[in-house]
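S.K.: pasting the sequence and the predicted coordinates here, then a few questions.
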Amino acid sequence: MQPRKVLVVDDSKLMHKMYEVMLRQYPLVYAMDGRQALDRLQEHADIDLVLLDINMPNMNGLEFLAQIRTNGAHQDLPVIIISTEGRDEDTQRGLEAGATAYIKKPFHSEDILEKISQL
């Protein structure tokens, strides 16, 4: 997969900077929580991949995922969860909620690039 535009949903500005460096070949749009991410999806119709944290204020990643999976326009949008929640049951819960893939923090940039290429 070669995304046209990637939505990064994470409440850490440091993570935003890391993604900016790691994924400089892709146009990135940022959101600090799930509510803001829903707004970004409305503003940018060409987003075709989401990198999603779970633990965020206002609307967490799983709540955001539930919202987009019930919306016809975004129910097939690939979503990669990238989270510190690293237990097997956390991964299973994320995948059952509709994530396309799950990467545990800390991670290497190659992990993300590999998952993107597999989509």
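M.R.: Noted; the coordinates are in hand.
S.K.: for the rest of this, base every contact and every neighbour count on C-alpha atoms.
M.R.: OK.
S.K.: what separation is there between residue 27 and residue 19?
M.R.: 11 Å (Cα to Cα, to the nearest Å).
S.K.: so the one residue sitting closest to the centre of the chain, which state does it fall into?
M.R.: Closest residue to the average C-alpha location of the chain: residue 51 at 1.9 Å, with Cα atoms, centre = their mean. Per DSSP: H, G, I helix; E, B strand; the rest coil, the local secondary structure of residue 51 is strand.
S.K.: I'd guessed it sits against residue 83; true?
M.R.: No. With contact defined as Cα atoms under 8 Å, residue 51 and residue 83 do not form a contacting pair (9.8 Å).
S.K.: same drill for residue 27 and residue 19, tell me which one is more crowded.
M.R.: Between residue 27 and residue 19, counting by other Cα atoms under 10 Å, residue 19 is the more crowded of the two (18 against 13).
S.K.: which residues touch that one?
M.R.: residue 8 (Cα atoms under 8 Å, 6 or more residues apart in numbering).
S.K.: can you list the strands that whichever strand or helix holds residue 7 pairs with?
M.R.: Taking DSSP states H and E as the criterion, residue 7 maps to strand 6-9. If you go by DSSP bridges, strand 6-9 pairs up with strand 28-31 (parallel), strand 49-52 (parallel).
S.K.: how about whichever helix or strand comes after that strand: buried residues?
M.R.: The C-terminal neighbour of strand 6-9 among helices and strands, as given by DSSP H and E, is helix 13-22. Going by neighbour count (16 or more other Cα atoms under 10 Å), the buried part of helix 13-22 is 16, 19-20.
S.K.: so how far is stretch 13-23 from its chain's centroid?
M.R.: Here stretch 13-23 is found 13 Å from its chain centre; the criterion is Cα atoms, centre = their mean, to the nearest Å.
S.K.: can you check stretch 71-81 too?
M.R.: Stretch 71-81 sits 10 Å away from the centroid of its parent chain (Cα atoms, centre = their mean).
S.K.: from residue 33, how far out is residue 40?
M.R.: For residue 40 relative to residue 33 (Cα to Cα), the value is 11 Å.
S.K.: any shared contact partners between the two?
M.R.: Taking Cα under 8 Å, 6+ apart as the contact criterion, no residue touches both residue 40 and residue 33.
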